[in-house]
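model the following, please.
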Amino acid sequence: MHTENLSDNTLIKQFVNGDTLAFETLLARYRRKVYTYIYLSVKRKDVADDIFQETFIKVIRSLKDGKYSDSGKFAPWVVRIAHNLTIDYFRSLRQNNECCNDNTDGLSITGDDFSDLNAEERAVKLQIRKDVRQLLDFLPSEQREIVLMRYYMNMSFKEISGHLNININTALGRMRYAIINMRKMVEGSKKMLVA
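Numbers count the residues shown, from 1 in each chain. As a prediction, the model looks like this:
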C-alpha cells in the first residue's frame, strides 16, 4: 500500500515505529501549508526556512516522545507549533530591538491571476496587495491571523476554526471585525490626505 493513501494517524504510528518514509509523506502533505503560513508571517525567506525547519524538528521530537495524542487534528497541531515558533521569533526581535525586513512585493492572495493584465493594471494590483498586507500589521493578532489564513493560505473557516481551536462563529466574527477595522483605517487615511 502506498503511504500517500494512508491517514495521518496511520503514518504517525508507522513513523513512531521507525518508518521514516511515513514521516516524509506527512512532511510532503503539509510542507506547503506550513511554510506559507510562516513566510506570510515573517516575510523573510531565510527566517521562514529556519522556523520551518525548527517546526518539523519539534514535530519529530514530540512524536517520538509520545507528546502527540491522536485527535484527528495533525495539521492544525503542526501549524500551531509553527505559529508559536513564529511568535517566539517576533518576541526575540522586540527584545533585541531589531526590525524586520518588509518584503511584501512577492505576496499574493491565492487564486488571483495576473496573466491577463497590462503592466499598469499589474502594478496597481501589486500596490493594493502591498497596502492591504501593511494594513494587516495594524490589526489585533487574532484578526490578522484569521485574514492571513483565509485569504493568503486559502483555508476554509472550518479549517481555521479547527486550527485555532475556536468555533466557526468566532472565526467569522474575527474576520468581520478585521474587515471593519481595515475599512476604518482606509477611511482614516483618506481623511488625512484630504485635510
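
and Asn154, helix, strand or coil?
Per DSSP: H, G, I helix; E, B strand; the rest coil, the secondary structure class of Asn154 is coil.

correct me if wrong: Met155 contacts Gly162.
No - using C-beta atoms under 8 Å, Met155 makes no contact with Gly162, being 9.3 Å away. (Each C-beta comes from the backbone N, C-alpha and C, glycine too.)

can you pull the domain assignment for the chain?
Split into domains by automatic domain parsing, the chain comes to 1-103, 104-195.

turn those into JSON lines, including mean neighbour count and mean pLDDT.
JSON lines is the format used below for the domains of the chain (neighbours: other C-beta atoms under 10 Å; pLDDT from 0 to 100):
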{"stretch": "domain 1-103", "mean neighbour count": "15", "mean pLDDT": "84"}
{"stretch": "domain 104-195", "mean neighbour count": "14", "mean pLDDT": "76"}
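
helices of this protein, start to end?
Along the chain, counting by DSSP state H, helices occupy 8-16, 20-42, 45-64, 74-95, 119-136, 141-147, 157-164, 168-194.

could you tell me the angle between the fourth one and helix 157-164?
Which is helix 74-95. Relative orientation of helix 74-95 with respect to helix 157-164: 60 degrees, computed using axes from the mean of the first three to the mean of the last three C-alpha atoms, to 10 degrees.

what helices and strands are in contact with helix 74-95?
helix 8-16, helix 20-42, helix 45-64, helix 157-164 (3 or more C-beta pairs under 8 Å, 6 or more residues apart in numbering; DSSP states H and E).

with the third one instead?
When contacts are defined as 3+ C-beta pairs under 8 Å, 6+ apart, helix 45-64 sits against helix 8-16, helix 20-42, helix 74-95.

how about those helices, which one is nearest Asn118?
Judged by C-beta to C-beta, the one of the helices and strands packed on helix 45-64 that comes nearest to Asn118 is helix 20-42, at 27.4 Å.

then the closest one to PDB, C-alphas only?
Extracted in PDB, the C-alpha atoms of helix 20-42 (Å, rounded to 0.1, in the frame of the first residue of the first chain):
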ATOM      1  CA  THR A  20      11.000   7.300   8.100                       C
ATOM      2  CA  LEU A  21       9.100   7.100   4.800                       C
ATOM      3  CA  ALA A  22       5.900   7.600   6.700                       C
ATOM      4  CA  PHE A  23       7.200  10.900   8.100                       C
ATOM      5  CA  GLU A  24       8.400  12.000   4.600                       C
ATOM      6  CA  THR A  25       4.800  11.500   3.400                       C
ATOM      7  CA  LEU A  26       3.500  13.700   6.300                       C
ATOM      8  CA  LEU A  27       6.000  16.300   5.500                       C
ATOM      9  CA  ALA A  28       5.200  16.300   1.800                       C
ATOM     10  CA  ARG A  29       1.500  16.500   2.700                       C
ATOM     11  CA  TYR A  30       1.800  19.600   4.900                       C
ATOM     12  CA  ARG A  31       5.000  21.300   3.700                       C
ATOM     13  CA  ARG A  32       3.400  24.000   1.600                       C
ATOM     14  CA  LYS A  33       0.700  24.900   4.000                       C
ATOM     15  CA  VAL A  34       3.100  25.200   7.000                       C
ATOM     16  CA  TYR A  35       5.800  27.100   5.100                       C
ATOM     17  CA  THR A  36       3.300  29.500   3.600                       C
ATOM     18  CA  TYR A  37       1.900  30.300   7.000                       C
ATOM     19  CA  ILE A  38       5.400  31.000   8.400                       C
ATOM     20  CA  TYR A  39       6.500  33.000   5.300                       C
ATOM     21  CA  LEU A  40       3.400  35.200   5.300                       C
ATOM     22  CA  SER A  41       4.000  36.000   9.000                       C
ATOM     23  CA  VAL A  42       7.700  36.800   8.900                       C
END
